[in-house]
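In: Give me the fold of what follows.
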Amino acid sequence: MKHASLKMLAGAALALMLASTPALASDKPSGDQQKAAPLYPNATRKEPKLDITDKKEQDALNKGLDAAQANNKDQATQLLQPLIDSSKSKYVQAMALQGLARVHAMNNDMPGGIDMLKRSLDNGVMPNDAYFQIEYELATFYLLNQQYQQAIDTVEKWRSEGKKETPESYALEGEANYRMQKYPEAITAIKKAQSMTDKPDPRWNQLLMLAYNDSGQKDKAAEIAKQQVSASPTDPTSFHNALSLDIQMNKYDDALKLMEDGKAKGLLTTESDYVTLAKLYMNKAQDQSTQDPGPLTDKAVQTLEDGMSKGVVKSSADNYLLMGDAHMIGGDASGAAAAYEKAVPLASDGEAAYKAGVALVTQNENSKAKQLLQQAISKGVKHKGKAYMALAQANVGLKDKAAAAEAVMEAEKDPETKAQAQKWLKQANIGG
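Out: Have a look, this model is predicted:
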């Protein structure tokens, strides 16, 4: 059984980054507003004196930041670039650089955004609230640009100098460590983030689960996955994560129960979902503890047929082969042959024809079986010797001893069936 992979939701990229930082408009200077309480009251950085004096530049900056906030690239560039190039105010230059950095990021130019944020910080003439906001943004830009160690170094510097700790900053650090496959450090940081708020972001739990899973602690990952399913029983992501972990840990009974519950809740929406459920039924049918596989393989077939009727499962060679295999496991050779035959014209090789031929031989439909087995050999099969042995059986059923012997001699050429073929040829009435 092929295992589904955990869905990678860690790091929801730019949208998450922008959501975690204050809007640019909050940085716009306005003497008319009542001064808010500082966000970094204990910061070690000494605030410089602002050097903005030109009312026209202030208005241009405000309009440019509004345009950047709205991701109006052309207007933001038209308004902010001249301020960066020629303003005598370092504060104006710094804030204009931040505005254009946002525009670069929103237009998938992370290196350009990083360069502008670094220039803004190097400029240095801005209030602490703006300075540390930009420093935090730089950490997130590094993360999004896959510069993970720089992201960690920057966010640690932000905490040290700003004397501020937030759950989001530890989540950022956790993701950067996860991306570098530093799983113990990632787990520590994510758990720290979760401990700092009574409403942790659900994506942090997702990241923690991934860190546990990839570090080999699949039992802990599975525990988190189950908790997510309990908390959000109709959430497709939680459902698929728990399913993937059950399958990876060979907990097929748990996976089957989870899928049956998911089906009842309408969570089976893709071809992969239906195929996985069918395979789980088939896997259970072949378990040594299963005395009668028929009811389980019937459910496997019904699952595939249901998916096909809904247009979710394709009427493909692979799916008809899977349906045929289910029938065979359940002892229904006739149903298996019918499913395999549907796969024959869709298949690129002779496997479907071979399986159909074998199923028909068990039903003593030897004439039809012979035709299909010859077709299978002609198109190419994985086990050529076995196909010739099946063809020999069909010829025996048709009382054509010479053709049977010829097929067995071909099977003798295949190392996989050489011994079986030689034993057959020694039997009376076969070698001729």
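In: shaky segments in the protein?
Out: Applying pLDDT under 70 to the chain flags residues 1-35, 428-432.
In: cutoff 50 now
Out: 1-23, 25-27, 29-34, 428, 431-432 (pLDDT under 50).
In: Tell me where it has strands.
Out: In the chain, no strands are defined using DSSP state E.
In: List the contacts of stretch 310-319.
Out: 269-271, 273-275, 304, 307-308, 342-343, 346-348, 352 (C-beta atoms under 8 Å, 6 or more residues apart in numbering). Glycine gets a C-beta too; all of them are placed from N, C-alpha and C.
In: Now find how far off-centre it is within its chain.
Out: 22 Å (C-alpha atoms, centre = their mean, to the nearest Å).
In: and if you look at stretch 77-87?
Out: Worked out by C-alpha atoms, centre = their mean, stretch 77-87 lies 42 Å from the chain centre.
In: in that stretch, what counts as buried?
Out: Residues of stretch 77-87 classed as buried by neighbour count (16 or more other C-beta atoms under 10 Å): 77, 79, 80, 83, 84, 87.
In: Go through those and name the one nearest residue 283.
Out: Distance ranking of the buried residues of stretch 77-87 against residue 283, using C-beta to C-beta, places residue 77 first at 58.8 Å.
In: these two touch, right, the closest one and residue 100?
Out: Yes - applying C-beta atoms under 8 Å, one finds residue 77 in contact with residue 100, separated by 6.6 Å.
In: still on that earlier bit, in CSV: the buried residues of stretch 77-87, plus distance to residue 225.
Out: Formatted as CSV, the buried residues of stretch 77-87 follow (distance: C-beta to C-beta, whole Å):
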residue, distance to residue 225
77, 46
79, 49
80, 46
83, 50
84, 48
87, 53
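In: Tell me the one among these nearest to residue 415.
Out: Using C-beta to C-beta, the buried residues of stretch 77-87 come closest to residue 415 at residue 77, 70.7 Å.
In: can you tell me which residues contact that closest one?
Out: So residue 77 contacts 100, 103 (C-beta under 8 Å, 6+ apart).
In: Which among the contacts of stretch 310-319 count as buried?
Out: 271, 273, 274, 275, 304, 307, 308, 342, 343, 347, 352.
In: closest to residue 221 among those residues?
Out: Of all the buried ones among the contacts of stretch 310-319, residue 221 sits closest to residue 273, with 20.8 Å by C-beta to C-beta.
In: quick one, what contacts that closest one?
Out: 259, 262, 267, 312.
In: burial count for residue 36?
Out: For residue 36, the neighbour count with other C-beta atoms under 10 Å is 8.
In: Contact partners for it?
Out: Applying C-beta under 8 Å, 6+ apart, no residues qualify as near residue 36.
In: separation between it and residue 410?
Out: Per C-beta to C-beta, to the nearest Å, residue 36 is found 88 Å from residue 410.
In: now do residue 370
Out: For residue 370, the distance to residue 410 - C-beta to C-beta - is 14 Å.
In: now do residue 114
Out: Separation of residue 114 from residue 410 (C-beta to C-beta): 67 Å.
In: Likewise for residue 241?
Out: Counting by C-beta to C-beta, the gap from residue 241 to residue 410 is 50 Å.
In: Of those two, which one has the most company?
Out: Using other C-beta under 10 Å as the criterion, residue 241 and residue 410 rank with residue 241 on top: 27 against 19.
In: among the contacts of residue 273, who's most crowded?
Out: Busiest of the contacts of residue 273 [other C-beta under 10 Å] is residue 259, holding 24 neighbours.
In: what's the closest non-adjacent residue to it?
Out: Among residues not flanking residue 259 along the chain, residue 277 sits closest, at 4.7 Å (C-beta to C-beta, 6 or more residues apart in numbering).
In: now the one you found: how far from residue 50?
Out: In terms of C-beta to C-beta, residue 277 sits 64 Å off from residue 50.
In: got a list of what residue 269 touches?
Out: Neighbours of residue 269 in contact, by C-beta under 8 Å, 6+ apart: 236, 312.
In: how about it, phi and psi?
Out: Residue 269 adopts backbone torsions of phi -130, psi -10, taken as degrees, to the nearest 10.
In: Please tell me how far residue 109 sits from residue 205.
Out: For residue 109, the distance to residue 205 - C-beta to C-beta - is 32 Å.
In: Just want to know which of these two has more residues nearby.
Out: Between residue 109 and residue 205, counting by other C-beta under 10 Å, residue 205 is the more crowded of the two (19 against 15).
In: can you give me the helices in the stretch 201-350 of the chain?
Out: For the stretch 201-350 of the chain, applying DSSP state H, counting those that start in this stretch gives helices covering 202-214, 218-231, 236-248, 252-264, 271-285, 294-309, 317-329, 333-343.
In: swap in the stretch 51-200 of the chain?
Out: Taking DSSP H, counting those that start in this stretch to define them, one finds helices in the stretch 51-200 of the chain at 55-69, 73-86, 90-106, 110-123, 128-144, 148-162, 167-179, 183-195.
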